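S.K.: Got a sequence here, can you model it:
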Amino acid sequence: MVEERYGKNESMNKVATTTLPMADRVKGIRQSDIRRYSAICQAMGGVNLSQGVCDQPAPKEVKEAAKRAIDEDHAIYTHLKGIAPLRQAIAGKMRAFNGIECDPETQVAVNVGTAGSFACTSLSILNPGDEVLIFSPYYSYHVNLLSLIGAKPTYVDLKPPQWNYDSAQLAAAFNARTRMIVINTPANPTGKVFSREELKEIAALADRHNCWIVTDEIYEYITHEAPHVSIGAFPEARERTLTISGASKTYAVTGWRVGYTVGAADMIERIAVVSDLFYICAPAPLQHGIVAGLGLPQSYYEQMRKDYEIKRNLMADTLRGIGFTPYLPTGSYYMLAAFERGRWSGAVAAAESILESTGVASVPGSAFYRNPADGENQLRFCYAKKMPELEEACRRLMKLR
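M.R.: Numbering: from 1, shown residues only. As a prediction, the model looks like this:
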């Protein structure tokens with residue numbers, strides 16, 4: 001086992017055996033497979049295609065603006081909804097790119113990353129026991145956060161290779177306890193970009209059952225064969241949709257933790273207050289840096305899409321070359337790929353064997369499914385790497401031929 005060679009987190013083991021009080025809600029939680037394999041990969045000096053760290057250089061304009069903000073002593077707490085120039089820039093971007101009109105004073109809240117946006121939004125909507133619709137495969141942080149606050153995820157299956165869902169299953173998943181449906185488009189881990197027709201169907205069902213639509217669109221600029229569509233732009237869905245996005249993936253600043261939520265003013269006010277209680281504010285000088293990012297020309301986004309398409313195709317070609325079947329994503333920068341059943345005993349064994357033999361980290365596909373068996377012959381690869389590192393990872397993976 002790779003963990004035996006490179007070690008486990010001993011401090012976590014000590015906490016688990018303490019006799020001091022511990023909340024029931026945290027007794028069953030553990031480090032995600034994404035972070036676990038990333039840590040092992042780092043310890044062994046491997047190439048991490050596990051976590052979506054997006055370790056590429058941030059745009060010069062973004063870094064320089066943050067540096068100026070530090071030099072100008074933008075070091076105090078900001079407004080609980082974020083600095084005014086950033087909220088204004090977000091409103092302009094939402095209008096131009098997403099087709100959503102919003103008031104920067106009342107309908108935009110800056111949060112500590114999109115994870116903070118999702119946490120504060122969920123806490124503002126849900127009571128313990130409330131049900132939330134989630135598409136499976138899912139982003140594990142969404143599901144784990146919902147479970148932590150006592151909500152009950154209810155799942156709708158996406159089927160490869162196109163990651164379509166069954167309309168009858170979706171309709172049947174709604175009930176009197178449903179308070180929220182979560183959409184991630186473009187999606188992690190599938191790379192699915194929800195179509196206008198699918199989003200219209202979701203909007204109609206949410207209206208029929210009077211529930212919120214929470215849409216995580218952090219990968220919105222990274223699309224290929226399918227255009228990004230925001231459900232919050234539909235007139236029939238506008239008042240019940242909370243759109244979450246941020247800077248992490250678009251500007252390669254995952255550690256800066258600047259995200260935002262856009263939606264109806266009364267709910268945005270509550271989300272901002274919850275965010276204030278937990279985090280006070282996103283880092284002030286980094287908010288100024290993201291203002292500069294939102295001012296970048298269209299050519300920046302076009303080049304980013306082209307670069308990711310090249311990397312996507314390289315990753316897919318490599319996986320085909322070692323006997324995998326890649327499910328080509330139309331968005332984000334993740335790829336699920338299937339291996340022949342029996343080649344390894346399961347997804348965890350495959351991920352650990354590949355990490356041990358090649359030094360390339362992936363994530364077991366079983367970590368993303370409501371029924372882990374559905375992903376037992378799949379791995380997820382992240383190709384948001386500098387090209388030399390991605391090429392090195394591909395060279396290493398080719399040892400598996």
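
S.K.: Tell me where the protein is predicted with low confidence.
M.R.: 1-18, 32-34, 37 (pLDDT under 70).

S.K.: now the helices: where do they sit in it?
M.R.: With DSSP state H applied, the chain shows helices at 2-6, 10-16, 33-43, 60-71, 84-93, 113-125, 140-148, 167-173, 196-208, 265-279, 284-294, 298-321, 347-358, 387-397, listed in chain order.

S.K.: Could I get the contacting residues of residue 195?
M.R.: With contacts taken as C-beta atoms under 8 Å, 6 or more residues apart in numbering, residue 195 has the following neighbours: 226, 229. Any C-beta I mention is one placed from the backbone N, CA and C, and that applies to glycine too.

S.K.: how close does it get to residue 138?
M.R.: Note on residue 195: its distance to residue 138, by C-beta to C-beta, to the nearest Å, is 19 Å.

S.K.: Repeat that for residue 378.
M.R.: Taken as C-beta to C-beta, the spacing of residue 378 relative to residue 138 amounts to 14 Å.

S.K.: what's the domain layout of this structure?
M.R.: Following the assignment in automatic domain parsing, the chain carries domains at 2-58+299-400, 77-294.

S.K.: tell me the most buried of these?
M.R.: Ranked by mean neighbour count, those are led by domain 77-294 with a mean of 20 (mean count of other C-beta atoms under 10 Å).

S.K.: And that one, how far out from the chain middle?
M.R.: Its chain's average C-alpha position is 10 Å from that of domain 77-294, according to C-alpha atoms, centre = their mean, to the nearest Å.

S.K.: picking that back up, I'd like the helices of the chain written out as TSV, with distance to residue 256 added.
M.R.: Written out in TSV, the entries for the helices of the chain read as follows (distance: least, C-beta to C-beta, whole Å):
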stretch	distance to residue 256
helix 2-6	29
helix 10-16	26
helix 33-43	18
helix 60-71	8
helix 84-93	12
helix 113-125	8
helix 140-148	17
helix 167-173	35
helix 196-208	29
helix 265-279	13
helix 284-294	5
helix 298-321	17
helix 347-358	28
helix 387-397	21
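
S.K.: right, and those - which one's nearest residue 133?
M.R.: When those are ranked by proximity to residue 133, the top entry is helix 167-173, at 5.4 Å, counting by C-beta to C-beta.

S.K.: Go ahead and name everything in contact with the closest one.
M.R.: Taking contacts as C-beta under 8 Å, 6+ apart, the residues outside helix 167-173 that touch it are 133, 154, 155, 156, 157, 201, 202, 205.

S.K.: for the third one, what are its contacts?
M.R.: So that's residue 155. 133, 134, 135, 136, 138, 173, 370.

S.K.: Quick check: bridge partners of it?
M.R.: Beta bridges link residue 155 to residue 134 when assigned by DSSP bridges.

S.K.: picking that back up, compare the helices of the chain and give me the one nearest residue 234.
M.R.: Nearest to residue 234, of all the helices of the chain, is helix 196-208, at 5.4 Å by C-beta to C-beta.

S.K.: what packs against the closest one?
M.R.: In terms of contacts (3 or more C-beta pairs under 8 Å, 6 or more residues apart in numbering; DSSP states H and E), helix 196-208 is packed against helix 167-173, strand 178-184, strand 212-216.

S.K.: In a markdown table: these, plus distance to residue 309.
M.R.: Rendered in a markdown table, the data for the helices and strands packed on helix 196-208 read as follows (distance: least, C-beta to C-beta, whole Å):
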| stretch | distance to residue 309 |
| --- | --- |
| helix 167-173 | 30 |
| strand 178-184 | 20 |
| strand 212-216 | 22 |
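
S.K.: I'd like to know which of the ones you listed is closest to residue 269.
M.R.: In terms of C-beta to C-beta, the element of these nearest to residue 269 is strand 212-216, at 15.2 Å.

S.K.: Partner strands of that closest one and their direction?
M.R.: Looking at strand 212-216 with DSSP bridges, its paired strands and their directions are strand 178-184 (parallel), strand 241-246 (parallel).

S.K.: Same list, the ones you listed, but as JSON lines with distance to residue 26 please.
M.R.: Output for the strands paired with strand 212-216, formatted as JSON lines (distance: least, C-beta to C-beta, whole Å):
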{"stretch": "strand 178-184", "distance to residue 26": "22"}
{"stretch": "strand 241-246", "distance to residue 26": "24"}
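
S.K.: Relative to residue 263, which of those is closest?
M.R.: Among the strands paired with strand 212-216, strand 241-246 comes nearest to residue 263, with 3.9 Å by C-beta to C-beta.

S.K.: Report the inter-axis angle for that closest one versus helix 84-93.
M.R.: With axes from the mean of the first three to the mean of the last three C-alpha atoms, to 10 degrees applied, the angle from strand 241-246 to helix 84-93 works out at 120 degrees.

S.K.: mind exporting strand 241-246 as CSV, just the C-alpha atoms?
M.R.: Backbone C-alpha positions of strand 241-246 (Å, rounded to 0.1, in the frame of the first residue of the first chain) are rendered in CSV as follows:
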residue,chain,number,x,y,z
THR,A,241,-31.6,30.5,-8.7
LEU,A,242,-28.4,31.2,-6.8
THR,A,243,-25.5,31.3,-9.1
ILE,A,244,-22.1,30.5,-7.6
SER,A,245,-18.7,31.1,-9.3
GLY,A,246,-15.3,32.5,-8.6
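
S.K.: Relative to residue 67, which of the domains of the chain is closest?
M.R.: Ranked by C-beta to C-beta, the member of those that lies closest to residue 67 is domain 77-294, at 8.0 Å.

S.K.: what about the closest one, how long is it end to end?
M.R.: 22 Å (C-alpha to C-alpha, to the nearest Å).

S.K.: Same check on stretch 147-165?
M.R.: End-to-end for stretch 147-165, by C-alpha to C-alpha: 23 Å.

S.K.: cool, and stretch 70-85?
M.R.: With C-alpha to C-alpha as the measure, the first residue of stretch 70-85 is 16 Å from its last.

S.K.: Show residues contacting that stretch.
M.R.: The list of residues contacting stretch 70-85 from outside it, by C-beta under 8 Å, 6+ apart, reads 87, 104, 108-110, 260, 268, 272-273, 275-276, 280-282, 284-285, 287-288, 291.

S.K.: let's go with 7 Å and repeat that
M.R.: Outside stretch 70-85, the residues within contact range by C-beta atoms under 7 Å, 6 or more residues apart in numbering are 87, 108-110, 272-273, 275-276, 280-282, 284-285, 287-288, 291.
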